[in-house]
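Engineer: Following is a predicted model, sequence given first.
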Amino acid sequence: MTGQGTDADRPHAGTGRGSRAGTDAAADAAADAPAAGTAAGTTAPASAPVGARPRVITHNSGSVDGRIALSPGLLLMTDERWPVHAGSGYRNVKQRHHPQAILEGSGSFITDDHSPEPLPPATEPADVLRRDHLPAPALEAAATGWLVVPDSRGRVRWVHKQFPGPDWEGWHLLVLVTAATPLPYLSFLRSEGIPYLVVAGDGTADLSEALARLRDVLGVETVVSTGGGRLNGALLRAGVVDEIEVEVVPIAVGGTTTPALFTAPDLAADAEATPLRLLAVEQRPRDRVLLRYEVVHP
């Protein structure tokens, strides 16, 4: 998730609110300026998309020990204990990277132990439901970009498909599903006019295929993932991350199960860590530091 702020910068689901971030333009500009006497790092130009997929950047606000929440089992979006800083939200990220898609995990909107409301039976044939659904009004509305959320289990009951506030004007929800996604959920999405792409995968969506299809079907060239540790970890293990961006906030959290930047299967004894190259270091007001690293692909 990004830093926290006001409702104008939050996407909303039925059970949660998107990342809280300041939305005052003047405050954002002031907060993003390097601190006096501190030079922002020199940023290398973004590389072209790798192969047939978009460029992928992960962005998170994290503690000095790499935690992206204060306690397990809570939505960061609704935890008022997390430090609030202007200039650390979606608007700031969009201005820096100009993505055509923001990738957010379904776990940012609903906790693992939440039981979603039952849905009525599907009314459409299964073969119809298991095809991509890209209604024309949604394509027209997504003039700026897509908020893309993998939800192969069909758990989020969406309140909005276009999110309130000027920071989300021209953005539209897009859900990633699989052939194993419950048919009543696919029917629900269609009834609400919410577009979805059907990608490979059983329990989870195949992110490599999803990224390729975002580019091929919707022309997406840059994706910023602001999701949680599990989504970031899946992207990392799939080898599809091109840049890692972390805004370090001046807190230490600790914990053994508290969400961290990357949650993924442990590396084997003979496996190598993902190598990085420093792109930029920017000291920000209120003791924050923005770090940007390029992933060194083989």
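Structural biologist: It's in.
Engineer: Check for me that V159 belongs to a helix.
Structural biologist: No. Assignment of V159 by DSSP: H, G, I helix; E, B strand; the rest coil gives coil, placing it outside any helix.
Engineer: Near it, how many other residues are there?
Structural biologist: Burial measure for V159: 12 neighbouring residues, criterion other C-beta atoms under 10 Å. From N, CA and C alone the C-beta is placed, and that goes for glycine too.
Engineer: next one: the one 5 residues further on
Structural biologist: Neighbour count for P164, taken as other C-beta under 10 Å: 13.
Engineer: Distance check, it against W171.
Structural biologist: Distance, P164 to W171, using C-beta to C-beta, to the nearest Å: 11 Å.
Engineer: ok, now Q95?
Structural biologist: If you go by C-beta to C-beta, the gap between Q95 and W171 works out to 14 Å.
Engineer: Show me which of the two is the more surrounded one.
Structural biologist: Legend: neighbour count by other C-beta under 10 Å for Q95 and W171, higher for W171 (24 against 13).
Engineer: residue contacts, G154?
Structural biologist: If you count contacts by C-beta atoms under 8 Å, 6 or more residues apart in numbering, G154 has them with P116, L119, V177, T181, P182, P184, Y185, L186, F188.
Engineer: Please apply the same query to T222.
Structural biologist: T222 is in contact with A46, P49, P54, R55, I57, H97, H98, P99, Q100, A101, counting by C-beta under 8 Å, 6+ apart.
Engineer: Also W146?
Structural biologist: Q100, A101, I102, W171, H172, L173, L174, L214, L218, V220.
Engineer: Relative to P250, how far out is it?
Structural biologist: Counting by C-beta to C-beta, the separation of W146 from P250 is 33 Å.
Engineer: again, but for Y196
Structural biologist: Counting by C-beta to C-beta - Y196 and P250 are separated by 40 Å.
Engineer: G73: neighbouring residues, count only.
Structural biologist: As a burial measure, the neighbour count of G73 was computed by other C-beta under 10 Å and equals 11.
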